[in-house]
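# Sharing a sequence plus its predicted fold:
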Amino acid sequence: MATPGIGQRQYSFGEFTLDVDGGALRKGSDEVRLRRQSFEVLRYLLEHHGRLVSKKELLDSVWGDTVVTDGSLTQCVIDVRRAIGDDARQTIRTLPRRGYVFAAPVIESPSSHDAIAPSQSAGRDTRGSWPLAAGAVLLLAAAAAWWLLPFDSPAETDQASRLDHIAVLPFADMSEAGDHGYFSDGIAEEILNLLADSPDLHVIARTSSFTFRGEDADIATIAEKLGVAHVLQGSVRRSDNRLRITSQLIETATSTEVWSDSYEREVGDVLVLQSEIAAAVAVALKATLSVDAVTPPAESANAEAYERYLQGRLFHNRRAQGDAERAEEYFRQALEIDATYGRAWAGLAGVYFVRMAEDNSEKVATLAAWKEAVEQALRYAPEDPEVQLRAAHFYWNNGQRDTARKHVRQATVLDPNNPLVLAAWAGSNVFHGRLDEAIARQRQVVALDPLGAIEQRNLAAMLAGAGRYDEALSHEQKALDLNPAYRPEFERLVSAIFTAQGRFEEALEIVRRWPAGGNRDRGLGLIYHGLGRSSEATAALENLTAGTDADAAFAAAEVYSYRGELDEAFKWLHTCLDRANPYGREAWMTEARLSPFLVTLHDDPRWEKTLVHSH
């Protein structure tokens, strides 16, 4: 092949060369035939290799004002993949409901606007990179994964208020033994996920809609609690290898049935069936679902592996004593059946992330297993946003920050309205001191997950950190109403707010009821200092400095800061970070951002250095 001259545009990848000006695709010296539209699709993908190209962008570029369906574009991608051959799906990756990425290395020949000699560009890997925000952290907070990762914050929008709000309730398990709840939950959750990708729907998160499992709540009550106009409910009856699924779409204002249907299929058809139900609901609501959402992927997991995966998800989400081990067992069973099951690998990665955050004692063995799970998940399911977030966790916590940022940015592209992604946006904003932006993001999370107690608590913590104490107390009360087990956390935040407001006697009334220990010493050290009872304040502080864990050191830093003893405050903040589990250290950094008692440190040049460069 002749060396291209300046102005002759060519793109080389693998054995192939696309001659843009000559209008030909070649494999070596042989020409590969492509229809004109398929050629133009490939050209556009190559011109924008390494980044997500949306379907709309491709349709506008190739067809202009001519009206065509997504099916025309899909057929062109099929044509191109067929022409490229064996590795085509890895070369041109589909990001479901988003678009396509040309992911292979591409060498561009010089163009008329980029006059570089061939010898300079021949070996250059010109793959694009995701735009990344600088600096980020990860955090596992309370019982939920609240991830602090490098997100770009989008502009505020009132789009959510214009969308049709819908909740998908857990489907009732009607099996004879009543032991297939994990299976009926899995079906409902997958339908929820498919509907959530519609730009026309505001779908309530699983953690809120599934709180009605087993309750005899009427539609009006559900609508009031979740703020939805429609509810999808259903039932699943499984007998051996047969499924019978019924589903109903209810308009909450009138409690009337908008749509209903029943299906009888083989268990192996469950993935197709979930897509059919989602598509039918979208039609009933006049909502848009992409071709990818209503057409199951070619690499669907084995039905038995899928069932094991659902059992693993049940235990991973529940997080009771011993559930992590049971979740790992089921995920591994799924992988014994189908070793290419990317979502099961992602489930394993989630188990190991929690294990490393909670207990660092088996670090070497767990780290190796965690690494394998992440790499295999990326290999088999790179289009899944959960996979990208799991990868970000791993790489960030193991010092590969640029790689982590790449994966978190990809998760954002894949599913920007996912509650976990939005929570991560909020967390990233907290870490970088942008509390107003964090609060805006977290409000979106609460709107999607109104019955999620942890999300209410996170919003309360952010509002308290911003000094918006009355709002913080309101959301903390909502969290307590949703989960009375949060009483100790509720009292800690309330007492801290009262102390910060100078309502020392009210705070003291709460703290005096607590048992002896670090929480009580922290509260008394702050309150007694505020009341001018110096000897009692010092006694409580001495108890904290005698402690040996990260909690005591952080509390000592807060008390010293509140007393105006900044050198000691920084000393104990560093001690906290040194004592912390390396996989949970960022949690303390974020606690520091939100503490009303560390504000005296914010103007000190040591503050940012301590938080951003402490490891």
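Perfect, thanks for sending it. Numbering: from 1, shown residues only.
# Please make it C-alpha for all contacts and neighbour counts, starting now.
Will do.
# Can you spell out the domain ranges of the protein, please?
Following automatic domain parsing, the chain resolves into domains at 10-121, 136-154+301-451, 158-299, 466-612.
# Stretch 567-586: which residues count as buried?
568-570, 572-578, 580-581, 583-586 (16 or more other C-alpha atoms under 10 Å).
# Over to stretch 44-62?
Buried, per 16+ other C-alpha under 10 Å, within stretch 44-62: 44-46, 49-53, 55, 58-59, 62.
# Repeat that for stretch 463-478.
Buried residues in stretch 463-478 (16+ other C-alpha under 10 Å): 463-467, 469, 472-473, 475-478.
# Taking the buried residues of stretch 567-586, tell me the two that lie furthest apart.
E568 and Y583 (25.3 Å; C-alpha to C-alpha).
# Show the contacting residues for the nearest residue to S595 once chain neighbours are set aside.
Counting by C-alpha to C-alpha, 6 or more residues apart in numbering, S595 lies nearest to G465, which is 5.9 Å off, once chain neighbours are set aside. Taking C-alpha atoms under 8 Å, 6 or more residues apart in numbering as the contact definition, G465 lies against 435, 593-596.
# same thing but at 7 Å, please
594-596 (C-alpha atoms under 7 Å, 6 or more residues apart in numbering).
# Quick one: which of those is the most crowded by neighbours?
L594 (22 neighbours; other C-alpha atoms under 10 Å).
# can you count the residues close to T254?
T254, neighbours per other C-alpha under 10 Å, totals 10.
# I'd like to know how far it sits from E224.
Counting by C-alpha to C-alpha, to the nearest Å, the separation of T254 from E224 is 13 Å.
# Which of the three states applies to the closest residue to S260 other than its chain neighbours?
Closest residue to S260 apart from its sequence neighbours, by C-alpha to C-alpha, 6+ apart: Q248 at 4.3 Å. State at Q248, reduced to three classes by DSSP: H, G, I helix; E, B strand; the rest coil: strand.
# wouldn't Q248 be in contact with H230 here?
No. Using C-alpha atoms under 7 Å, Q248 is not in contact with H230, being 10.2 Å away.
# In terms of neighbours, single out the busier of those two.
H230 (25 against 19).
# Three-state assignment for H165, please.
strand.
# Next, work out how far apart it and L195 are.
From H165 to L195 the distance is 11 Å (C-alpha to C-alpha).
# Which one of the two is surrounded by more residues?
Comparing H165 with L195 by other C-alpha under 10 Å, the one with more neighbours is L195, at 28 against 20.
# Contacts only, for the more buried one.
A278.
# Can you tell me the SS state at it?
Quick answer, by three-state DSSP: L195 is helix.
# Could you report the pLDDT at it?
We have a pLDDT of 87 for L195.
# how much space is there between it and L59?
23 Å.
# cool, and Y11?
On the measure of C-alpha to C-alpha, Y11 and L59 end up 21 Å apart.
# Please apply the same query to E591.
Distance from E591 to L59, by C-alpha to C-alpha: 47 Å.
# ditto for L243
39 Å.
# can you check R492 too?
Relative to L59, and taking C-alpha to C-alpha, R492 is found at 55 Å.
# what sits against the closest residue to A411 other than its chain neighbours?
Excluding the flanking residues, the one nearest A411 by C-alpha to C-alpha, 6+ apart is P385, at 4.6 Å. The neighbours of P385, taking C-alpha under 7 Å, 6+ apart as the test, are 411, 414-415.
# what about the helices in the stretch 1-150 of the chain?
Taking DSSP state H, counting those that start in this stretch, the helices of the stretch 1-150 of the chain run over residues 36-47, 55-63, 70-84, 88-91, 118-121.
# can you check the stretch 401-550 of the chain too?
For the stretch 401-550 of the chain, the helices defined by DSSP H, counting those that start in this stretch cover 401-414, 419-431, 435-448, 453-465, 469-482, 487-500, 504-511, 518-531, 534-545, 550-563.
# Quick check: which of those is buried the most?
Most buried of those, by mean neighbour count (mean count of other C-alpha atoms under 10 Å): helix 419-431, with a mean of 27.
# hmm, back to that, output the contacts of G465 in CSV; the columns should cover secondary structure and pLDDT.
Formatted as CSV, these follow (DSSP: H, G, I helix; E, B strand; the rest coil; pLDDT from 0 to 100):
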residue, secondary structure, pLDDT
L594, helix, 91
S595, coil, 93
P596, coil, 91
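# so what does the helix or strand F315 falls within touch, helix or strand wise?
Element membership of F315, judged by DSSP states H and E, is helix 303-318. Judged by 3 or more C-alpha pairs under 7 Å, 6 or more residues apart in numbering; DSSP states H and E, helix 303-318 is in contact with helix 181-196, helix 323-337.
# change it to 8 Å
helix 181-196, helix 323-337, helix 342-358 (3 or more C-alpha pairs under 8 Å, 6 or more residues apart in numbering; DSSP states H and E).
# Same list, these, but as TSV with distance to H316 please.
Formatted as TSV, the helices and strands packed on helix 303-318 follow (distance: least, C-alpha to C-alpha, whole Å):
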stretch	distance to H316
helix 181-196	12
helix 323-337	5
helix 342-358	7
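# do you know which of the ones you listed lies nearest R238?
Distance to R238, taken as C-alpha to C-alpha, is lowest for helix 181-196 among the helices and strands packed on helix 303-318, at 9.2 Å.
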